[in-house]
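Asker: sequence and predicted structure, then a few things I'm wondering about:
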Amino acid sequence: MTLQQLQKQVLELPISDRWTLVQILLESLQRETNSELKKGNLSRLRGIAKDT
């Protein structure tokens, strides 16, 4: 399924289902963003701890 096909199907959903989908997507993005931020912070800390 392409993004355009998915978008077309989503826009045919009732508004309450679309809001639920928005909430699910936002939560997913927040989890992934937080995970990436933590990984980035660990990398920077490792760089600080290296012997020069």
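Answerer: Great, that's in hand. Numbers count the residues shown, from 1 in each chain.
Asker: have a look at the chain and report its longest helix.
Answerer: Longest helix in the chain by number of residues (criterion: DSSP state H): helix 15-49.
Asker: pLDDT averaged over that helix - what is it?
Answerer: If you average the pLDDT over helix 15-49, you get 84.
Asker: pull out the buried residues from that helix.
Answerer: Under the neighbour-count criterion of 16 or more other Cβ atoms under 10 Å, helix 15-49 has nothing buried. C-betas here are computed from N, CA, C, even on glycine.
Asker: how far does it sit from the chain's center?
Answerer: 5 Å (Cα atoms, centre = their mean, to the nearest Å).
Asker: which elements pack onto that helix?
Answerer: helix 3-11 (3 or more Cβ pairs under 8 Å, 6 or more residues apart in numbering; DSSP states H and E).
Asker: which neighbouring elements make contact with the helix it packs on?
Answerer: Short answer (3+ Cβ pairs under 8 Å, 6+ apart): helix 3-11 packs on helix 15-49.
Asker: the helix it packs on relative to helix 3-11, how many degrees between them?
Answerer: With axes from the mean of the first three to the mean of the last three Cα atoms, to 10 degrees applied, the angle from helix 15-49 to helix 3-11 works out at 130 degrees.
Asker: from here on, call the first residue 488.
Answerer: In the new numbering, first residue 488, that becomes helix 502-536.
Asker: lovely, talk soon.
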